[in-house]
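Chemist: got a sequence here, can you model it:
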Amino acid sequence: MNQLDVRVAGAKGDSTSDDTVVFQKMIDLAAKCEGTVIVPPGHYRVGQLKVHSNVGIVGHPSYSWKGAAGSVLELNDPNATCLLDLTLAIGARISGICLDGRGLGKGIHGILVDKDDFGETEDSPLIEGSKVTKFSGDGVHLNRIWCFRIRGSMLSENDGNGLSVQGYDGFILDNWISFNKGSGYASIGDG
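Modeler: Residues are numbered from 1 along each chain as shown. Predicted coordinates:
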């Protein structure tokens, strides 16, 4: 079976319980079968999660300018580097998830790819239909990436940039990027 439901695995999604261990376990299991982690509606408190290659995290999006509903991941660790770490997660997919940094910590990114070099394989992540908001760093920070897609998402109210990219061959379509303290879109370094 390649669809893994975090609620079935014991995640509470009650905006109070720490669901980090359940989420990481489901992501790790999905990596073994190139599967998808299903996130039913709820507010899940989690720390930093490491996503693996060919793993999808799919929820039910529902958000507006000021609110996030549906499948929401709320950061609970002010010492994290990011909420979703997609570094070396070739072909990962984030779809229909609201990420809320809750203003915690300093310089914490919502979604992160951070590599020492561009590597020999394209990254190819897809981020779609998601909201990334209220992070103390960038909403999405992609450092040394190539071949990526971000579409139909909202990147707002982050202390850094909405989207920060050092990389090539990106497809950025139909996004709502506003009210970030840095740039909406920042191209840094090579790109």
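Chemist: ok, the closest residue to residue 138 other than its chain neighbours to residue 36 distance?
Modeler: Distances taken as Cβ to Cβ, 6 or more residues apart in numbering put residue 160 closest to residue 138, at 3.9 Å, once the chain neighbours are dropped. All C-beta spots, glycine's among them, are computed from the backbone N, C-alpha and C. Noted for residue 160: a distance of 29 Å to residue 36, by Cβ to Cβ, to the nearest Å.
Chemist: and residue 96, by the same measure?
Modeler: 11 Å.
Chemist: can you pull the phi/psi pair for residue 136?
Modeler: Torsion angles at residue 136 (phi, psi; degrees, to the nearest 10) stand at phi -80, psi -10.
Chemist: got a pLDDT number for it?
Modeler: Reported pLDDT at residue 136 in the predicted model: 98.
Chemist: ok, it to residue 79 distance?
Modeler: Distance from residue 136 to residue 79, by Cβ to Cβ: 11 Å.
Chemist: now do the shared contacts for these two.
Modeler: Common contacts of residue 136 and residue 79 (Cβ atoms under 8 Å, 6 or more residues apart in numbering): residue 105.
Chemist: of the two, which one has the most company?
Modeler: residue 136 (21 against 10; other Cβ atoms under 10 Å).
Chemist: which residues does the most centrally placed residue in the chain contact?
Modeler: In the chain, the centroid-proximal residue (Cα atoms, centre = their mean) is residue 111; its distance is 3.9 Å. Shown in contact with residue 111 (Cβ under 8 Å, 6+ apart): 82-84, 86, 94, 99, 127, 132, 139-141.
Chemist: those in strands, which ones?
Modeler: 82-84, 94, 99, 127, 132, 140-141 (DSSP state E).
Chemist: pull out the buried members of those residues.
Modeler: The neighbour count (16 or more other Cβ atoms under 10 Å) marks 82-84, 94, 99, 127, 132, 140-141 as buried among the ones in strands among the contacts of residue 111.
Chemist: how about CSV for those, with pLDDT and distance to residue 43 added?
Modeler: Below are these laid out as CSV (pLDDT from 0 to 100; distance: Cβ to Cβ, whole Å):
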residue, pLDDT, distance to residue 43
82, 98, 19
83, 99, 13
84, 98, 16
94, 98, 17
99, 98, 12
127, 98, 20
132, 98, 15
140, 98, 21
141, 98, 23
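Chemist: save the residues you listed as JSON lines, and put in distance to residue 56 too.
Modeler: Formatted as JSON lines, these follow (distance: Cβ to Cβ, whole Å):
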{"residue": "82", "distance to residue 56": "18"}
{"residue": "83", "distance to residue 56": "16"}
{"residue": "84", "distance to residue 56": "12"}
{"residue": "94", "distance to residue 56": "8"}
{"residue": "99", "distance to residue 56": "15"}
{"residue": "127", "distance to residue 56": "11"}
{"residue": "132", "distance to residue 56": "17"}
{"residue": "140", "distance to residue 56": "17"}
{"residue": "141", "distance to residue 56": "21"}
